Structures are given as structure tokens and as C-alpha cells.
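Chemist: predicted model and sequence follow; I will ask about them next.
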Amino acid sequence: MGRHRKHCRVAFWPEIRRFRPVARQHRPAVVLSRAEVEALRLADFAGWQQIPASRRLGVSQSTFQRLLRRARQKVAQALVIGQEIRLEGGEAKMNGFGRGRGGQGGFGAGPGGYCVCTNPKCGYKVPHQAGVPCYQMKCPKCGSSMIREEAASALKNE
């Protein structure tokens, strides 16, 4: 009897979960798990070292390294060959957020609040428009994408 798998603690799950090339080709999609996406986010997007990032995920450093290597390999394969990238489940627990408040498992912060520019140098903030996801808006000052204020503060606090 094998050892049971440990669930990773994931703090972020993007609203957009599918990326595909413009030229549609009939190739199988590359699937990244929640843990792989979180490993990529912590190491490559947030710039964390492997030991603190592995503690954040609740796994060993070697497990974190394997997740990161596998995720990078999948993304590189998809970019080189032209495959669709899908972000799907996997064995992970959402850290602090439950499954999220949105219907798709995102932040879904409800009415009110603000959409904030993702460019840290800009800092533009606009009241959220009901029915329009913040990620679909562009900053009028710099043209960068927008993100919900709660999601931006969650990313800053890490």
C-alpha cells in the first residue's frame, strides 16, 4: 500500500484557465494542475526562493522543485509545439479562500469595490462595474490590465 498524497496549499487560482494559439490545430492540450500553477506563480512571477515557496505550499523543497520543473516543461512544450494550455484541478486545497466566491472558483468579490491597475508604477484605481470582470478592463493611463483590489492586496501580502 502506497503513501497517500499530500495536498498542496494553494493561495491563488486565476479566472482565465485556458490559453490557446490563434491557429487552431488538432493537438492535445497541456494540462497544469493547481499545484503546478502555484509553483510557477511563486517561483517565476513572485520571485520566491524554493525553500520559502515550498513551505508556503506545504510540501518539501524537492517536491516543489519537481512541480516547478514539470510545470515549466509543460509550458515550454505548449509554446514550442503550439498546444493549448488548460489549468485544471489537481489535488490541492485553497489556502484561506475556500474554493473562492466566484462561480468559477475565482475571487468573485461581488458588487462594489475597485479595479486596480496591475502596473505597480501606475496605481490607477477605478470603481468596479457590476457584470464586467476587472481582468477584461484596460487601464486608461498606461494600458495595462486591471485586477480586483482584493486580489491585488492578496498578492502583495505574500
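Modeler: Happy to help now that I have it. Numbers count the residues shown, from 1 in each chain.

Chemist: all helices of the protein, in order?
Modeler: Ranges of helices in the chain, per DSSP state H, are 34-40, 50-57, 61-81, 149-156.

Chemist: helices or strands up against the first one?
Modeler: Same thing as helix 34-40. Judged by 3 or more CB pairs under 8 Å, 6 or more residues apart in numbering; DSSP states H and E, the packing partners of helix 34-40 are strand 8-10, helix 50-57, helix 61-81, strand 92-94. C-beta: built from backbone N, CA, C; applies to glycine.

Chemist: and for that helix, what's in contact with it?
Modeler: 8, 10-14, 32, 53, 57, 59, 64, 67-68, 70-72, 74-75, 87, 89-92 (CB atoms under 8 Å, 6 or more residues apart in numbering).

Chemist: before we move on, the earlier item: any idea which of the helices of the chain gets closest to residue 130?
Modeler: Closest of the helices of the chain to residue 130 is helix 149-156, at 14.9 Å (criterion: CB to CB).

Chemist: tell me where the chain is predicted with low confidence.
Modeler: 1-7, 90-112, 150-158 (pLDDT under 70).

Chemist: now do 80
Modeler: Counting by pLDDT under 80, the ranges of the chain that qualify are 1-15, 24-25, 89-113, 119-120, 123, 129-136, 148-158.
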